[in-house]
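1. with the input below, show me the fold.
(one chain, ligands or ions: 2)
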Amino acid sequence: MPTKLAFLRDRILGAAVLGSALSGCCETRFVTAEACLTLEPGELECPTFEEAEERLAIDDIVSSAVYPEREYRVGDRTYVAPTECCYTHESTVDECDAPRGFGRPLVIGGRSVRATLAPGGGWSRAARAAQQGAPRRHDPARAAAWRERGLLEHAAVASFTRFTLELLALGAPASLVRAAQRASLEETAHAELCFALATGYDGREVGPGPLAVTGAALELPSRSELARRLVHEGCVEETLGVVELIDLASREAEIPARRALERLARDEIRHAALGFAALGWLASNDRSGAVRAGIDEALRRAETRMGSASGSAAVWREVVAPIARAVLS
Ligand SMILES: [Fe+2]
Ligand SMILES: [Fe+2]
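-> Numbering: from 1, shown residues only. Ligands and ions are numbered 1, 2, ... in the order given. Have a look, this model is predicted:
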């Protein structure tokens, strides 16, 4: 196993030379999210968009919704007032700086799930205090991009937590369970790092709100189902994440941001290696052949998907396919 992991690490590190294949794909993209306010006692109406932007530390609210209304009395009059006001807001991010599918996604019911932003310093304050040379200039676009990345890292914490349960349920060895738990802790640190950097760029204390994990671990998958998911979530997405991080770090001019990207890349290399190692373990304990059939089908799909995209075809050919062959041989 150590030889195989070392081999995996080296191969994924080799993706650094492919970084340039992903450059030149920048585009500005709108991101929408919802943030909610619980009304104070005596507040009868939802705050205006301007007030809500101030209280929720967000910009560009485009719509609002009111959640359960309640009746209450003042003197002899009865009022109906909302209990919670939710606002949909927009921001733009540079697609190069906030890539989709960055690292291990949390997929529930076929959908990639993540939290929305909420005010509070619980995910930024400690990391910010520990950060050396934190950014000080005002740059809201960069703050938004780092928060977007922070939400993906936050979702990855849950993804690895679920993965740990799945490994335990399927009788995996301690080395894999330990690596999954370590990865979950590393994703926690990644999320903190991202939110702390964002605070450095706009001074706002904002972090992830509640994560809708309902359904994440209610039904433990079969070995072949887990193997199929591993190909996508662990092997393909984590490897693409590493390649993107290495490319972003090489083009990042600001030292705190570059250090953060390099730290993320170092850890994500291990996460990708864990995905492949777990795949190898599942395949090596496959008596019926169902696991191998599931893996082969998932790899064929990945090849079709990655092979048709200009940035990922080389990653498939040079990194994912050779590693998959090595762990499955
Ligand atoms: Fe990761
Ligand atoms: Fe991460």
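2. give me every residue that touches residue 118.
-> Neighbouring residues of residue 118 by C-beta atoms under 8 Å, 6 or more residues apart in numbering: 35, 56, 206-210. (Glycine included, C-beta is placed from N, CA and C.)
3. tell me which of those fall in helices.
-> Among these, DSSP state H puts residue 56 in helices.
4. contacting ligand 2 as well, which ones from the contacts of residue 118?
-> Among the contacts of residue 118, no residue lies close to ligand 2 (C-beta under 5 Å from the ion).
5. filter the contacts of residue 118 down to the buried ones, ChimeraX style.
-> Buried subset of the contacts of residue 118, written as a ChimeraX selection, criterion 16 or more other C-beta atoms under 10 Å:
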select :35,56,206,207,208,209
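6. tell me the least confident of the contacts of residue 118?
-> The member of the contacts of residue 118 with the lowest pLDDT is residue 35, at 75.
7. surely that one and residue 56 touch.
-> Yes. Counting by C-beta atoms under 8 Å, residue 35 does reach residue 56; the two are 4.7 Å apart.
8. anything in contact with each of these two?
-> 87, 118-119.
9. in the stretch 1-150 of the chain, which spans are strands?
-> For the stretch 1-150 of the chain, applying DSSP state E, counting those that start in this stretch gives strands covering 28-38, 61-74, 77-94, 107-108, 111-112, 117-119.
10. just the stretch 151-300 of the chain next, same as before
-> 206-208.
11. quick one, what contacts whatever residue of it ends up closest to ligand 2?
-> Nearest residue of the stretch 151-300 of the chain to ligand 2: residue 190, at 3.8 Å (C-beta to the ion). If you count contacts by C-beta under 8 Å, 6+ apart, residue 190 has them with 103, 150, 153, 156, 263-264, 267.
12. can you rerun that using 6 Å?
-> 153, 264 (C-beta atoms under 6 Å, 6 or more residues apart in numbering).
13. and what of residue 290?
-> residue 224.
14. can you pull the pLDDT of it?
-> Confidence score, pLDDT, at residue 290: 90.
15. one more: the one 4 residues further on?
-> Here the pLDDT value assigned to residue 294 is 91.
16. how far away is the closest residue to it other than its chain neighbours from residue 238?
-> Leaving aside its sequence neighbours, residue 294 sits nearest to residue 224 (C-beta to C-beta, 6 or more residues apart in numbering; 3.6 Å). Distance, residue 224 to residue 238, by C-beta to C-beta, to the nearest Å: 20 Å.
17. again, but for residue 45
-> 47 Å.
18. how about residue 119?
-> From residue 119 to residue 238 the distance is 31 Å (C-beta to C-beta).
19. can you pull the contacts of the residue located most distally from the centre of the chain?
-> Residue farthest from the centre of the chain, counting by C-alpha atoms, centre = their mean, is residue 76 at 51.8 Å. Applying C-beta under 6 Å, 6+ apart to residue 76 gives no contacts.
20. got it, and residue 113?
-> Applying C-beta under 6 Å, 6+ apart, the residues contacting residue 113 are 106, 212.
21. any idea how far residue 120 is from it?
-> Taking C-beta to C-beta, one finds residue 113 at 20 Å from residue 120.
22. quick one, domains of the protein?
-> 2-27+95-328, 33-90 (automatic domain parsing).
23. quick one, which of those is nearest to ligand 1?
-> domain 2-27+95-328 (3.6 Å).
24. can you give me the neighbour number for residue 245?
-> By the measure other C-beta atoms under 10 Å, the count of residues near residue 245 is 27.
25. test my guess that it contacts residue 266.
-> No. If you go by C-beta atoms under 6 Å, residue 245 and residue 266 don't touch, sitting 9.0 Å apart.
26. quick one: contacts for the closest residue to residue 117 other than its chain neighbours?
-> Counting by C-beta to C-beta, 6+ apart, the nearest residue to residue 117 once its immediate chain neighbours are dropped is residue 206, at 5.3 Å. Counting by C-beta under 6 Å, 6+ apart, residue 206 makes contact with 57, 117, 119.
27. out of the shared contacts of residue 35 and residue 56, flag the one nearest to residue 309.
-> The closest of the shared contacts of residue 35 and residue 56 to residue 309 turns out to be residue 118 (C-beta to C-beta; 33.5 Å).
28. so how far is residue 50 from that closest one?
-> On the measure of C-beta to C-beta, residue 118 and residue 50 end up 19 Å apart.
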